[in-house]
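> With the sequence up front, the predicted model follows.
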Amino acid sequence: MEGLPQEKLAALHTILKEMGSVLVAFSGGVDSTFLTRAARDVFGPNTLAVTARSPSLPETELAEARTLALTIGVRHLVLETHEVSDPRYAANPPDRCYFCKQELFGRLLPLAQREGLRYVVYGAILDDLGDHRPGHRAAKDYSVRSPLQEAGLTKAEIRLLSREMGLPTWDKPAMACLASRVPYGQAVNPEKLGRIEAAEEVLRDRGFRQCRVRHHENLARIEVELSLVPRLLDPTLMADVTRCLQDLGFDSVTLDLRGYRSGSLNEALGHGT
């Protein structure tokens with residue numbers, strides 16, 4: 001869909017109104033927060049946002065989701081999901097995200113039915129069409145809709161509109177589930193996810209907002225914004241970060257000189273950016 005961001009926002013509101021009622025899969029990221037706000041604007045404070053809690057979601061993200069839901073003014077539920085216990089997910093194949101979304105949507109749909117809500121919606125956007133996103137297949141299988149994508153909204157437009165709305169997530173760094181830091185084919189388990197969460201918290205505590213710690217078994221590969229690579233190369237800071245990550249159980253720590261790249265582990269599949 002072509003048009004100005006405000007026109008796409010109007011189209012989004014029309015799409016939501018036609019749905020009648022929705023349950024929003026709410027991670028607290030840029031896109032799901034914007035979608036939740038749009039749903040609130042259409043349906044009022046009884047809009048239901050649901051956040052899935054599992055080892056693949058950092059506790060800081062869950063806490064932020066709670067705060068955002070309160071700020072936006074919607075009902076908010078936290079739902080325990082168990083994708084990490086699914087051996088298909090834990091084996092970490094390239095379509096791992098399918099099994100994650102299968103678990104999520106399989107739990108959200110009955111909840112929506114109990115609440116009398118017609119649709120489950122989630123924050124897929126136009127940009128996602130060009131990336132490796134097995135979760136979209138699960139959404140189709142469960143008839144979960146992506147109104148932002150239907151309205152033709154891009155990440156840049158969502159950030160712009162979020163800023164105009166006063167949403168604090170307008171400049172929030174991209175955040176994917178912790179399992180996305182583990183190379184395909186290497187097992188995903190709660191211990192690894194917890195180590196990744198703690199390692200990335202080390203970097204954020206030192207001012208690196210956009211960062212990833214890729215978990216290559218006993219090696220941690222750090223990605224930060226390219227402009228901040230020289231800062232992390234400071235010997236004192238690097239020694240501090242290395243010591244902290246080794247304390248978490250990594251034998252070796254390396255810095256990717258190419259900087260942060262969204263979905264860099266998808267590069268082996270030909271989908272990296």
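Here it is on my side, so go on. Computed from a predicted structure; not experimentally measured.
> From Q210, how far off is the residue nearest the centre of the chain?
The residue lying closest to the centre of the chain (C-alpha atoms, centre = their mean) is A176, at 3.7 Å. Going from A176 to Q210 by C-beta to C-beta, to the nearest Å gives 12 Å. Heads up, the C-betas are built off the backbone N, CA and C, glycines and all.
> and the gap between A187 and A49?
32 Å.
> now swap in A174 and tell me
A174 is 20 Å from A49, by C-beta to C-beta.
> K101 too?
As for K101, its distance to A49 is 17 Å (criterion: C-beta to C-beta).
> Do a quick rundown of the strands in the stretch 1-150 of the chain.
Assigned by DSSP state E, counting those that start in this stretch, the strands in the stretch 1-150 of the chain fall at 22-25, 48-53, 75-80, 119-121.
> give me the low-pLDDT residue ranges for the stretch 101-250 of the chain?
Scanning the stretch 101-250 of the chain with the threshold set as pLDDT under 70 gives 130-132.
> so what pLDDT did H271 get?
On the pLDDT scale, H271 is placed at 47.
> Which positions in stretch 146-166 come out as buried?
Buried positions in stretch 146-166, judged by neighbour count with 16 or more other C-beta atoms under 10 Å: 146-154, 157-159, 161-162, 165.
> From those residues, which land in helices?
Among the buried residues of stretch 146-166, the members found in helices (DSSP state H) are 147-150, 157-159, 161-162, 165.
> Between those residues, which sits nearest P230?
R159 (26.3 Å; C-beta to C-beta).
> so what does whichever helix or strand V253 is part of touch, helix or strand wise?
If you go by DSSP states H and E, V253 is part of strand 252-255. Counting contacts by 3 or more C-beta pairs under 8 Å, 6 or more residues apart in numbering; DSSP states H and E, strand 252-255 packs against strand 219-224, helix 235-247.
> Tell me the buried residues in it?
253, 255.
> what about the helices in the stretch 51-200 of the chain?
59-72, 87-90, 96-114, 135-141, 147-150, 155-165, 190-205 (DSSP state H, counting those that start in this stretch).
> Report the buried residues of the fourth one.
When you say that, I think you mean helix 135-141. Those would be 135-136, 138-139, for helix 135-141 by 16+ other C-beta under 10 Å.
> Now do it: distance to the chain's middle.
In terms of C-alpha atoms, centre = their mean, to the nearest Å, the centre of helix 135-141 is set 16 Å apart from its chain centre.
> That helix packs against which elements?
Using 3+ C-beta pairs under 8 Å, 6+ apart: helix 135-141 touches helix 96-114.
> Can I get the helix it packs on in CSV? Just the C-alpha atoms.
Presented in CSV, the C-alpha positions along helix 96-114 are these (Å, rounded to 0.1, in the frame of the first residue of the first chain):
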residue,chain,number,x,y,z
ARG,A,96,12.8,-22.6,14.6
CYS,A,97,10.6,-19.5,14.7
TYR,A,98,7.7,-21.5,13.2
PHE,A,99,7.6,-23.7,16.3
CYS,A,100,7.8,-20.7,18.6
LYS,A,101,4.9,-19.0,16.9
GLN,A,102,3.0,-22.3,16.8
GLU,A,103,3.2,-22.5,20.6
LEU,A,104,2.3,-18.8,21.0
PHE,A,105,-0.6,-18.7,18.6
GLY,A,106,-1.8,-22.1,19.8
ARG,A,107,-2.2,-20.5,23.3
LEU,A,108,-3.5,-17.1,22.2
LEU,A,109,-6.3,-18.3,20.1
PRO,A,110,-8.2,-20.1,22.9
LEU,A,111,-7.6,-17.1,25.1
ALA,A,112,-9.1,-14.8,22.5
GLN,A,113,-12.1,-17.1,22.2
ARG,A,114,-12.7,-17.1,25.9
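> quick check: angle from it to strand 48-53?
Counting by axes from the mean of the first three to the mean of the last three C-alpha atoms, to 10 degrees, helix 96-114 points 140 degrees away from the direction of strand 48-53.
> and helix 96-114, how far from the chain's centre?
16 Å.
> Show me how the record splits the protein into domains.
Per automatic domain parsing, the structural domains of the chain span 5-165, 178-269.
> ends of the first one, how far apart?
Put plainly, it is domain 5-165. 13 Å (C-alpha to C-alpha, to the nearest Å).
> just stretch 16-28 next, same as before
Using C-alpha to C-alpha, the end-to-end distance of stretch 16-28 comes to 19 Å.
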